[in-house]
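Student: Dropping a prediction and its sequence here:
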Amino acid sequence: AQKVTQAQTEISVVEKEDVTLDCVYETRDTTYYLFWYKQPPSGELVFLIRRNSFDEQNEISGRYSWNFQKSTSSFNFTITASQVVDSAVYFCALLSGGSNYKLTFGKGTLLTVNP
Amino acid sequence: DAGVTQSPTHLIKTRGQHVTLRCSPISGHKSVSWYQQVLGQGPQFIFQYYEKEERGRGNFPDRFSARQFPNYSSELNVNALLLGDSALYLCASSPRQGLTEAFFGQGTRLTVV
């Protein structure tokens, strides 16, 4: 069975602070993909990043960076110099080789960036 | 290019009623998936349809059904609505059965009273 755990339910920071959102996953498959989505109040899930299980290279995109560590089954997301527009719910999701037709989501982390 | 479109945006129904939600995928995409997101939780997989056939089903009762049309649009039907069916229903569009590329619509917010 696949499982995604986002232990942080809510995080509140002040603008310009750095913030890290944690994600821990479980799967028995050797081939899988990990995702991060952003959900603003409008409801739409906005794709941020996808990593496959064979690529542990960390990635940076502007103020966003992702740290994938298979040894600890974690895929953490860091926002540097946070902005008010970053306020949203962030979801980590798993797509596992044996069930590649469905995404398994964590419960999400509500990030509030205060001015 | 149009993204994934869902209709209606909001809906209020009474317990016991039936509801139909609609989704149009991105042009050229042949896969449509449905997810239920209850307030405060992550989306839960309901169905996937690919090439007009059901390819996967989540742990939902038989009151939930879906279909995909020749133009790849899809409908999600829920019968005998319960208060617990109140949720945001999200549709995801993908070019292939595997969801390595999945694009979500803005969702339909269903309230059952």
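Tutor: That came in fine, so what should we check first? Numbering: from 1, shown residues only, chains lettered A, B, ... in the order given.

Student: so how far is chain A from the most centrally placed residue in chain B?
Tutor: With distances taken as CA atoms, centre = their mean, residue B:34 lies nearest the centre of chain B, 3.2 Å away. Distance of residue B:34 to chain A, given as CB to the nearest CB, to the nearest Å: 10 Å. Where you see a C-beta, it was placed from the backbone N, CA and C, and this is true even at glycine.

Student: for that residue, what are its contacts?
Tutor: Counting by CB atoms under 8 Å, 6 or more residues apart in numbering or on different chains, residue B:34 touches B:21, B:23, B:45-48, B:66, B:74, B:76, B:89-92.

Student: again, but for residue A:11
Tutor: Counted by CB under 8 Å, 6+ apart, residue A:11 has contacts A:19, A:21, A:109-112.

Student: Among those residues, which ones are in strands?
Tutor: Per DSSP state E, strands hold the following members of the contacts of residue A:11: A:19, A:21, A:109-112.

Student: Which one of those residues is nearest to chain B?
Tutor: Lowest distance from chain B to those (CB to the nearest CB) belongs to residue A:110, with 9.0 Å.

Student: For the chain, which segments count as strands?
Tutor: In the absence of a named chain, chain A is used. Here chain A has its strands, by DSSP E, at A:3-5, A:10-14, A:19-21, A:24-26, A:32-39, A:46-52, A:59-61, A:64-69, A:74-79, A:88-96, A:104-105, A:109-114.

Student: sorry, should have said chain B
Tutor: So, for chain B - with DSSP E - the strands run B:5-7, B:10-13, B:19-24, B:31-37, B:44-50, B:53-57, B:64-68, B:74-78, B:87-94, B:103-104, B:108-112.

Student: on that earlier part again, and the contacts of residue A:11 as JSON lines, adding pLDDT and distance to chain B?
Tutor: Output for the contacts of residue A:11, formatted as JSON lines (pLDDT from 0 to 100; distance: CB to the nearest CB, whole Å):
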{"residue": "A:19", "pLDDT": "98", "distance to chain B": "19"}
{"residue": "A:21", "pLDDT": "98", "distance to chain B": "13"}
{"residue": "A:109", "pLDDT": "98", "distance to chain B": "10"}
{"residue": "A:110", "pLDDT": "98", "distance to chain B": "9"}
{"residue": "A:111", "pLDDT": "98", "distance to chain B": "15"}
{"residue": "A:112", "pLDDT": "97", "distance to chain B": "15"}
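
Student: Dump these into JSON lines; add distance to residue A:79 as well.
Tutor: Listed next are those as JSON lines, based on distance: CB to CB, whole Å:
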{"residue": "A:19", "distance to residue A:79": "5"}
{"residue": "A:21", "distance to residue A:79": "8"}
{"residue": "A:109", "distance to residue A:79": "11"}
{"residue": "A:110", "distance to residue A:79": "14"}
{"residue": "A:111", "distance to residue A:79": "8"}
{"residue": "A:112", "distance to residue A:79": "12"}
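
Student: List only buried entries from these.
Tutor: By neighbour count, with 16 or more other CB atoms under 10 Å in any protein chain shown, these hold A:19, A:21, A:109, A:111 as buried.

Student: can you tell me which two in those are farthest apart?
Tutor: Comparing every pair within those by CB to CB identifies A:19 and A:109 as the most remote, at 9.5 Å.
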